[in-house]
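1. Structure of the sequence below:
(chains A and B)
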Amino acid sequence: MSPRIRLVDLPDAPILARPLYSATGETSPITRALAQVPELLGPTMGFLGPVLGPTSIDLRTKELVILRVSALAECAYCTGAHRVVAADVGVGDAERRSLIGDAPVEDAFDGQDLRLLRLCDAIASPGPVEARLVDAVRRDRGDHGVVELVLLACATLMLNRFCTTLELPLTKATEARLDALAGEGR
Amino acid sequence: MAVRELSPFEELVEADAVGDRLWLYANYHCNLACEYCLTGSSPRSARRVLGADRMVRLADEAVELGFRRLGVTGGEPMLNTFMPEVALELASRLPLVLLTNGTLFTPRLLRRVAPFADAEIELQISLDSADPIENDTMRGPENFAKVVDAVEKLVDAGITVRIATTLDRQAPNDIDRLRALLADLGVREENHLVRPVITRGRAVEHGFGIAAGQPELFPELTITSDGAYWSPFGSTAAPGKPLDTEMLLTRQIEPLRKPLDVLVSQLRAVPPSADALIGIR
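-> Numbering: from 1, shown residues only, chains lettered A, B, ... in the order given. Below you'll find the predicted structure:
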């Protein structure tokens, strides 16, 4: 898959974008795309970083949301990248396979996780979101938990459409990790 | 009387840490295709026209923000039919230097630029050698004859003319011969600017010039249709390619305060540049 826009390499990186590249020029394809509009790079990453990264909600739970929503949105980039991240934060093989739709989520999840994934499914689908799905998660995690997880799901959807529209490619490192996971039967 | 506090930009100008001139790239296409052109310009180039109204709006904001001078470059700005009148508008705000290749000064255009004589406008015209063959090899057929003819007429009309000579392979005595020619044409010695070729744009293809990146280039806010840049030597392009981006500040160019704030924040964060070492302000 080739990106539909030029991804900016370090030698061409605008002044505001350079701090987001490593000394050897590595950075994510999302950053390389956003570097085309340097004044939006900082604010966008400043938003995505806290929403997708470590907060009061554990990373495993956040990765369940991100991987499920990305799979439902059929975002090849985010699904691939977050299969790796999810494995790194302890989401098991059977869980990952169910999150990407290879098996029913009920086969791998129950309780709070399953109720959260049902809300994710509704968020990632067109139309209204049933109150009972929100209420179930609110009972589990409180108002603040609902707000944060809904924001996470919605931010993920935004990124899904961004990456899908621009056909951002996985990095070689991510592809290698996915091959390794496949080799391990994970 | 209360003394107005200087803005961060004005403080940097006072400290000679940033240019007091706002550069506007009027467009990127050109009737010539010079061998060393930084912007890879030619008749086939993407035009990237900034537009008359926008140039005037930017000049108005430049006054408010504390700029003291304006520069208009290209491409060939005179390919924009609005340019003579817009130049006068710009010069009514701040002193203006208008860069041109000097090959388009027909009798009609000379009549339209006649008011430049009474405005704060300097026309900066490129001429690289006193030897017509040498000059035309770099700048195109008949360039020397057209430029000399235009300079003579512009000076006669009372318009201030500066000559920019881009150094690369001229013989040492060529510059002396050029100075003598310019004196004959009525161009004052202090209005002859000699500078090196920068290895960007089409100069890369021909292996000309000296490398210059952000650390070597004096910061002067530069506005193009594609974004705001660190320096007029940074908003360059290889022929047929998008503009280079490593000296891009912001894609947003209005309000002008937006890219200026980014430039100022960068200047407050980085040590002084080495631009003075290669003299390409």
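
2. For the residue most central in space within chain B, grab phi and psi.
-> Among the residues of chain B, the one closest to the centroid is B:T73, at 4.1 Å (C-alpha atoms, centre = their mean). Backbone geometry at B:T73, expressed as degrees, to the nearest 10, gives phi -140, psi -170.

3. again, but for B:V97
-> Per degrees, to the nearest 10, the backbone of B:V97 is at phi -110, psi 130.

4. what do you get for the one 3 residues further on?
-> Backbone geometry at B:T100, expressed as degrees, to the nearest 10, gives phi -150, psi 150.

5. That one: neighbour count?
-> Close neighbours of B:T100, defined as other C-beta atoms under 10 Å in any protein chain shown, add up to 26. C-beta: built from backbone N, CA, C; applies to glycine.

6. What segments of chain B are helices?
-> Remark: helices assigned in chain B by DSSP state H are B:8-14, B:52-65, B:83-91, B:107-113, B:132-139, B:143-156, B:172-185, B:202-206, B:257-269.

7. so what's B:L185 up against?
-> Contact partners of B:L185, counting by C-beta atoms under 8 Å, 6 or more residues apart in numbering or on different chains, are B:148, B:151-152, B:155.

8. Equivalent analysis for B:I121, please.
-> B:I121 is in contact with B:87-88, B:91, B:95-98, B:159-160, counting by C-beta under 8 Å, 6+ apart.

9. Among those, the buried ones, what's the ChimeraX command?
-> To isolate the buried members of these in ChimeraX, using 16 or more other C-beta atoms under 10 Å in any protein chain shown:
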select /B:87,88,91,96,97,98,159,160
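
10. With distance to A:H144 and pLDDT added, can I get the contacts of B:I121 in a markdown table?
-> Formatted as a markdown table, those follow (distance: C-beta to C-beta, whole Å; pLDDT from 0 to 100):
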| residue | distance to A:H144 | pLDDT |
| --- | --- | --- |
| B:A87 | 60 | 98 |
| B:L88 | 61 | 98 |
| B:A91 | 59 | 98 |
| B:P95 | 59 | 98 |
| B:L96 | 58 | 98 |
| B:V97 | 59 | 98 |
| B:L98 | 60 | 98 |
| B:I159 | 69 | 98 |
| B:T160 | 68 | 97 |
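
11. Point out where the stretch 151-281 of chain B drops to low pLDDT.
-> For the stretch 151-281 of chain B, the stretches flagged by pLDDT under 70 are B:169-170, B:270-281.

12. what about 90?
-> The stretch 151-281 of chain B contains residues with pLDDT under 90 at B:166-175, B:195-199, B:203-212, B:269-281.

13. Residue numbers of it in contact with chain A?
-> Counting by C-beta under 8 Å from any C-beta of the partner chain, the positions of the stretch 151-281 of chain B adjacent to chain A are B:214, B:230, B:242, B:244-252, B:258, B:262, B:266.

14. Point out the residues in chain A that sit beside chain B.
-> Residues of chain A lying near chain B by C-beta under 8 Å from any C-beta: A:6, A:8, A:11-16, A:35-39.

15. The residue in the stretch 51-200 of chain B that chain A sits nearest to - how many residues pack around it?
-> Per C-beta to the nearest C-beta, B:R200 is where the stretch 51-200 of chain B lies closest to chain A, at 12.5 Å. Residues within reach of B:R200, counting by other C-beta under 10 Å, total 25.

16. element containing the residue nearest the centre of chain A, please.
-> Note on chain A: the residue nearest the mean C-alpha position is A:I66, at 4.0 Å, using C-alpha atoms, centre = their mean. Per DSSP states H and E, A:I66 falls inside helix A:59-72.

17. Just the buried positions in the next helix or strand after that helix, please.
-> Counting by DSSP H and E, the next helix or strand C-terminal to helix A:59-72 is helix A:76-88. The neighbour-count check on helix A:76-88 (16+ other C-beta under 10 Å) flags A:76-87 as buried.

18. Same question for stretch B:30-48.
-> Neighbour counts over stretch B:30-48 (16+ other C-beta under 10 Å) mark B:30, B:32-42, B:45-46, B:48 as buried.

19. And the average pLDDT for that stretch is what?
-> Taken as a whole, stretch B:30-48 has a mean pLDDT of 94.

20. returning to what we had before: relative to helix A:76-88, how tilted is the helix holding A:I66?
-> Calculated by axes from the mean of the first three to the mean of the last three C-alpha atoms, to 10 degrees, helix A:59-72 forms an angle of 150 degrees with helix A:76-88.

21. Remind me what helix A:59-72 packs against, helices and strands.
-> Applying 3 or more C-beta pairs under 8 Å, 6 or more residues apart in numbering or on different chains; DSSP states H and E, one finds that helix A:59-72 makes contact with helix A:76-88, helix A:93-99, helix A:111-123, helix A:131-166.

22. Residues touching the shortest one, excluding its own?
-> The contact list for helix A:93-99 (C-beta under 8 Å, 6+ apart) reads A:64, A:67-68, A:71, A:83, A:86-87, A:91, A:103-105, A:107-109, A:117, A:181, A:185-186.

23. Dump it to PDB, restricted to CA.
-> C-alpha atoms of helix A:93-99 as PDB (Å, rounded to 0.1, in the frame of the first residue of the first chain):
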ATOM      1  CA  ASP A  93      -4.100 -13.900  21.100                       C
ATOM      2  CA  ALA A  94      -7.700 -15.100  21.400                       C
ATOM      3  CA  GLU A  95      -8.800 -11.700  22.600                       C
ATOM      4  CA  ARG A  96      -7.100  -9.900  19.700                       C
ATOM      5  CA  ARG A  97      -8.600 -12.300  17.200                       C
ATOM      6  CA  SER A  98     -12.100 -11.600  18.600                       C
ATOM      7  CA  LEU A  99     -11.500  -7.900  18.600                       C
END
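
24. Just give the closest residue to B:D156, not the sequence neighbours.
-> Using C-beta to C-beta, 6 or more residues apart in numbering or on different chains and skipping residues adjacent in sequence, the residue nearest B:D156 is B:G186, 7.7 Å away.

25. cool, and A:F47?
-> Closest to A:F47 by C-beta to C-beta, 6+ apart is A:A155, at 7.3 Å.

26. who's in contact with the one you found?
-> A:A155 makes contact with A:47-48, A:51-52, according to C-beta under 8 Å, 6+ apart.

27. just to revisit the earlier point, list buried residues within the contacts of helix A:93-99.
-> With burial judged by 16+ other C-beta under 10 Å, the buried subset of the contacts of helix A:93-99 is A:64, A:67-68, A:71, A:83, A:86-87, A:91, A:105, A:108-109, A:117, A:181.
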